[in-house]
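*Asks:* Have a look at this prediction, sequence included:
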Amino acid sequence: MTQNDMILEALTHAPITPLRALEQYGCFRLAARIAELRAMGHDIETKKIKLLNGKTVAQYALKEKNNVL
């Protein structure tokens, strides 16, 4: 399973941050993997979150699909 596969699978369950990607998937360049997933057509949003230490990091999540019938 590639890093892209693992990250996409993780995104189906919860948002992901660079620290989580590094710890769980050995991914040092989450932004690059997200760019690749977006290029494949996945709708991923970026949200800036502030950590307890005052630093800001990106958090990525799959956008929810609106099922309109």
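*Replies:* Thanks, I have the structure now.
*Asks:* buried sites along the helix or strand harbouring Ala35?
*Replies:* Taking DSSP states H and E as the criterion, Ala35 maps to helix 30-39. For helix 30-39, a neighbour-count test (16 or more other CB atoms under 10 Å) marks Leu30, Arg33, Ile34, Glu36, Leu37 as buried. Placement of C-beta: from N, CA and C, glycine included.
*Asks:* What is the nearest of the residues you listed to Thr56?
*Replies:* Lowest distance from Thr56 to the buried residues of helix 30-39 (CB to CB) belongs to Leu30, with 14.7 Å.
*Asks:* And the residue nearest the centre of this structure?
*Replies:* Centroid-nearest residue in the chain, with CA atoms, centre = their mean: Tyr60, separated by 3.6 Å.
*Asks:* beta partners for that residue?
*Replies:* Ile16, Thr46 (DSSP bridges).
*Asks:* That one contacts His42, correct?
*Replies:* No - the criterion here is CB atoms under 8 Å, and Tyr60 misses it with His42 at 10.2 Å.
*Asks:* so how far is the helix or strand containing Asp5 off the chain centroid?
*Replies:* Here Asp5 is covered by helix 3-11, with elements defined by DSSP H and E. What separates the centre of helix 3-11 from the centre of its chain is 8 Å, taken as CA atoms, centre = their mean, to the nearest Å.
*Asks:* Can you list the buried residues in the strand or helix carrying Gln24?
*Replies:* Per DSSP H and E, Gln24 falls inside helix 18-25. Of the residues in helix 18-25, Pro18, Arg20, Ala21, Tyr25 count as buried by neighbour count, 16+ other CB under 10 Å.
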